[in-house]
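Q: sequence first, predicted coordinates after that:
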Amino acid sequence: MENRGPGLAEDCTTLLGLKDALRGTAILNWADTLNMDSWDGITVSGTPARVTELSLSGYQLTGTIPSALGDLSNLEYLALTTTN
C-alpha cells in the first residue's frame, strides 16, 4: 500500500482485519499490496488522506458487520446493501 500517513495506514489495517468477516463468501480485492484507491468499494479522500466511503452495495456480501468498522473515524458514507 502507498504510504500516505499514519491515519490511512490505520484504516488499511482496520479494513484488512475485518475483510473476511464482512465479505463472508464474497470476493473483495483488498490487499496490502494494492493502493487503497483501487480497493473494491473504498474511497480515500481528504488531507490527510483517510477512508471516507465504504460502498459495497451489490458485492453480494454474506458476512457480518464487525464492530471494528467503527474504528474508521473519518468514514462519512457506508453502503452495504445487497441486491437479489
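A: That came through fine.
Q: buried residues in stretch 73-80?
A: N74, L75 (16 or more other CB atoms under 10 Å). Yep, even glycine has a C-beta here, placed from its N, CA and C like the rest.
Q: quick one, what contacts T25?
A: Q60, T62, G63 (CB atoms under 8 Å, 6 or more residues apart in numbering).
Q: out of the residues you listed, the closest to G7 would be?
A: G63 (25.1 Å; CB to CB).
Q: burial measure for the residue nearest to that closest one when sequence neighbours are not counted, as a count.
A: Among residues not flanking G63 along the chain, G24 sits closest, at 3.3 Å (CB to CB, 6 or more residues apart in numbering). The number of residues packed near G24 is 11, by other CB atoms under 10 Å.
Q: likewise L72?
A: 19.
Q: repeat that for A68.
A: Residues near A68, counting by other CB under 10 Å, number 14.
Q: so what's it scoring on pLDDT?
A: Predicted confidence (pLDDT) for A68: 94.
Q: quick one on the thing from earlier: the contacts of T25 into JSON lines, with extra columns for neighbour count, pLDDT and distance to G17?
A: Converted to JSON lines, the contacts of T25 look like this (neighbours: other CB atoms under 10 Å; pLDDT from 0 to 100; distance: CB to CB, whole Å):
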{"residue": "Q60", "neighbour count": "14", "pLDDT": "89", "distance to G17": "21"}
{"residue": "T62", "neighbour count": "11", "pLDDT": "90", "distance to G17": "18"}
{"residue": "G63", "neighbour count": "15", "pLDDT": "90", "distance to G17": "13"}
